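>>> Structure of the sequence below:
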Amino acid sequence: MRVKIYAALGLVLAVLVLNALATAQAQPSANASTVALTVTVIGKDVSPVTGLQQGDFTVLENKTQQPIHGFSAPSAAQSGSAAPRAVLVLDELSTKFDTMSFARTKLHKFFKESGGTVLEPTLFVALTENGLVLLHDYTRDANALDTALSHHTTLVAYQLRNNGSIGRIDRINVALACLQQIASSVRGYPADTTIIWIAPGFSTIGQMNFDHGLQVSTYGLIQQIANQLMQAHITIDSIDPRGASATRSYGNLWYKHFSPLPSQVNQATFAPLDLRALVVQSGGNVFYGRDDLDMELAWAYQWANASYILRYTSTNTAPNDALRAIQVNVDRPGVTAYARQGYYGLPNQEPAFVQKTQAQLQIALSSSLPYIGLPVLSNSVQMDPKTHTAHITLNLDGGSLAWQSAPGGALGCHLDVAAAQFSSSGKLMQASSFVQALQAKAGSGVNLRGHTLPVVLDLPIKQDKGRLRLIVRDEVTGAIGSADVGDLHHLQ
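Take a look at the predicted model:
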């Protein structure tokens, strides 16, 4: 199937802007209330509890019991290509250099003692003063992750050197943008994702003298992010690399006074707002006060790998943006259940369709992260130096596309395809976007998961060098997949 070009939008990539990220994601409607909960059950020995059944769980929303209509045990959730995944974030924005050195040492130890593999496919990124830097794509190869860490040089971020209000606000903005970018990259992926965030907590908003207007807008953004994390089935774990000294750190436990997140903005006290409240609110864990970061990493992986999935349809259809508090109970003595503490009944305030599509494509093109919401199983590129054209084939998972009935008993779906060419130094050379309509025969199996579907396009190349980033977006679901092609010069 060859792409027909309807329009070349000429997207201009910009610096990642927090507000653009916020508006690019669809928010749950106050009346759309299907909730998927990732639940980890921990016993007294700090080990995950397996073997539970649906009847062992009770879910309350705003103290009203909700009927559970979907249940997956850990063994079922880990099967096939929809296995849980992890995103390991090394936060250089909030971590002093000596503490980061300790964290890197413990990370090396964890990788070397992992028996060659980690429990879940892991995306390894560093959060720097320039945003997220990709250290390694998803892999279970602990040695590859260890090598990627060795090749990465940690630099002290200017936002950390400037520890006044401006530096703190910058760190908050970059951290929030990071969360949104990760949520966007996995949105549509059928399994849960755990972000393992290595940092001494996010920046504290307290003592910054926020005026009321800024408090309201900040709170609104945090509401949106909390819901985006839920939509993307994301749980966050935070690991404090300062070790035992963190227990004596001033304000280290402030996040506990802000968890769960307040129901409404007029109930918020922003002085103690440490963004680790998002960790607890997502159903994750805050690890601190220990000198064995490698053991805390092992726990985070073990717990994430043994999570249950519960699904229910909320009986609450009230059109308001208040927090809908969630409580998960387990009918077993001596166990603790970790699950999302709630979500917000935000109205659906999506921008116009074309604007939203352009924003999502622009962000995905400018990102260094692989997008896995729409699986790109493989890609191939052939260069024609005479015509300066790249012949590209993207093999998609047809079962991940939203097929709809088309005339004549056929099936159809629509894809937005975007491409950007970057120089070897990372400078944008050109960008364009296309629209493709796909059709297939009903009963051909094209809509079954695992069915390989080739999408072919011819892309003019400005120069036969640099790299390409390709983005595919399902217009119905908004799920995005990506493919990156390295050195174009070697493909000639």
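>>> and the most far-flung residue of the chain relative to its centre, what are its phi and psi?
Distance from the centre of the chain peaks at K386, with 40.6 Å (CA atoms, centre = their mean). Per-residue torsions, K386: phi -70, psi -40 (degrees, to the nearest 10).
>>> Identify the residues contacting stretch 474-481?
26, 184-185, 187-189, 357, 360, 364, 371-376, 396, 400-402, 404, 413-416, 471-473 (CB atoms under 8 Å, 6 or more residues apart in numbering). In this view, the C-beta of every residue, glycine as well, is placed from N, C-alpha and C.
>>> Just checking the distance from it to the centre of its chain.
The chain centroid and the centroid of stretch 474-481 are separated by 15 Å, computed with CA atoms, centre = their mean, to the nearest Å.
>>> remind me which residues of the stretch 301-450 of the chain are low pLDDT?
Scanning the stretch 301-450 of the chain for pLDDT under 70 picks out 319, 346-355.
>>> What ranges does it have for its helices?
353-366 (DSSP state H, counting those that start in this stretch).
>>> Which residue ranges of it form strands?
With strands called from DSSP state E, counting those that start in this stretch, the stretch 301-450 of the chain shows them at 308-313, 323-330, 336-338, 342-344, 376-384, 389-397, 404-406, 410-422, 428-441.
>>> Need the winner for burial among the ones you listed.
strand 342-344 (a mean of 22; mean count of other CB atoms under 10 Å).
>>> Strand partners (parallel or antiparallel) of that one?
strand 323-330 (antiparallel) (DSSP bridges).
>>> Quick check: buried residues in stretch 112-127?
114, 118-127 (16 or more other CB atoms under 10 Å).
>>> could you check the distance from L411 over to L394?
19 Å (CB to CB, to the nearest Å).
>>> before we move on, the earlier item: can you tell me which of the buried residues of stretch 112-127 end up in strands?
118-127 (DSSP state E).
>>> Generate JSON lines for those, with pLDDT and distance to S423 as supplementary columns.
Shown next, in JSON lines, are these (pLDDT from 0 to 100; distance: CB to CB, whole Å):
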{"residue": "V118", "pLDDT": "94", "distance to S423": "34"}
{"residue": "L119", "pLDDT": "91", "distance to S423": "38"}
{"residue": "E120", "pLDDT": "92", "distance to S423": "34"}
{"residue": "P121", "pLDDT": "94", "distance to S423": "30"}
{"residue": "T122", "pLDDT": "96", "distance to S423": "29"}
{"residue": "L123", "pLDDT": "97", "distance to S423": "25"}
{"residue": "F124", "pLDDT": "98", "distance to S423": "25"}
{"residue": "V125", "pLDDT": "97", "distance to S423": "22"}
{"residue": "A126", "pLDDT": "95", "distance to S423": "22"}
{"residue": "L127", "pLDDT": "91", "distance to S423": "24"}
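>>> Report the two of those separated the most.
L119 and L127 (22.7 Å; CB to CB).
>>> Tell me the one of the ones in strands among the buried residues of stretch 112-127 nearest T154?
A126 (7.6 Å).
>>> gap between that closest one and H136?
As judged by CB to CB, A126 and H136 stand 10 Å apart.
>>> what does N143 give?
Applying CB to CB to N143 and H136 gives a distance of 11 Å.
>>> Tell me which of those two has more neighbours.
For the pair N143 and H136, the greater number of neighbours falls to H136 (19 against 13), based on other CB atoms under 10 Å.
>>> isn't there a helix covering the more buried one?
No: applying DSSP: H, G, I helix; E, B strand; the rest coil, one finds H136 to be strand, outside a helix.
>>> what residues are up against A183?
25, 225, 228-229, 231-232, 234.
>>> Output the longest helix belonging to this structure.
helix 165-186 (DSSP state H).
>>> Break this structure down into its structural domains.
18-24+351-491, 34-77+310-344, 80-304 (automatic domain parsing).
>>> surely L155 meets T128?
Yes: using CB atoms under 8 Å, L155 is in contact with T128, at 7.0 Å.
>>> just to revisit the earlier point, quick one, the longest helix of the chain and helix 353-366 angle?
If you take axes from the mean of the first three to the mean of the last three CA atoms, to 10 degrees, helix 165-186 sits at 100 degrees to helix 353-366.
>>> For helix 165-186, the averaged confidence score.
Taken as a whole, helix 165-186 has an average pLDDT of 81.
>>> nearest to G51, of the buried residues of stretch 112-127?
Taking CB to CB as the measure, L119 is the one of these closest to G51, at 18.3 Å.
>>> mind listing what that closest one touches?
140, 301-302, 304-305.
>>> Could you check how far it is from L179?
Taking CB to CB, one finds L119 at 22 Å from L179.
>>> Over to S424?
Counting by CB to CB, the gap from S424 to L179 is 30 Å.
>>> of the two, who's got more company?
Taking other CB under 10 Å, S424 and L179 do not tie; L179 has more neighbours (25 against 11).
>>> Now do the same contact list for that one.
Taking CB under 8 Å, 6+ apart as the test, what L179 contacts is 195, 225, 228-229, 236, 278.
>>> mind putting the residues you listed in CSV, pLDDT and distance to V335 included?
Putting those into CSV (pLDDT from 0 to 100; distance: CB to CB, whole Å) gives the following:
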residue, pLDDT, distance to V335
I195, 95, 24
I225, 84, 29
Q228, 87, 29
L229, 89, 24
I236, 92, 22
L278, 82, 24
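>>> Redo the residues you listed as TSV? Include neighbour count.
Below are these laid out as TSV (neighbours: other CB atoms under 10 Å):
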residue	neighbour count
I195	27
I225	22
Q228	23
L229	25
I236	26
L278	25
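>>> Of the residues you listed, which belong to helices?
Short answer: the contacts of L179 in helices (DSSP H) are 225, 228-229, 278.
>>> ok, these vs P74, which is closest?
Taking the ones in helices among the contacts of L179 together and measuring to P74 by CB to CB, the closest member is L229, at 20.6 Å.
>>> I'd say the closest one and S282 touch.
Yes: in this structure, L229 is within contact of S282 by CB under 8 Å, at 5.4 Å.
>>> any residues in contact with both of the two?
Shared contacts of L229 and S282, counting by CB under 8 Å, 6+ apart, come down to 235-236.
>>> count of neighbours near L453?
For L453, the count of nearby residues is 19 (other CB under 10 Å).
>>> What separation do you get for it and W403?
For L453, the distance to W403 - CB to CB - is 10 Å.
>>> now do Q430
The value you get for Q430 to W403, if CB to CB is used, is 32 Å.
>>> can you check L468 too?
28 Å.
>>> beta partners of G131?
Beta-bridge partners of G131, as defined by DSSP bridges: T128.
>>> residues in contact with it?
Contacts of G131 by CB under 8 Å, 6+ apart are 16, 174, 177-178, 181.
>>> swap in Y189?
So Y189 contacts 82, 85, 232-233, 372-373, 479 (CB under 8 Å, 6+ apart).
>>> biggest separation within those, which pair?
Counting by CB to CB, the most remote pair of the contacts of Y189 is R85 and A479, 14.9 Å apart.
>>> May I ask you to confirm that V41 belongs to a strand?
Yes: under three-state DSSP, V41 sits within a strand.
>>> mind checking pLDDT for it?
On the pLDDT scale, V41 gets 94.
>>> State the number of residues packed around it.
Residues near V41, counting by other CB under 10 Å: 24.
>>> With V46 instead?
11.
>>> The nearest residue to it once chain neighbours are set aside: neighbouring residues, count only.
The shortest distance from V46 to any non-neighbouring residue, by CB to CB, 6 or more residues apart in numbering, is to W299 (6.7 Å). The tally of other residues near W299 (other CB under 10 Å) stands at 18.
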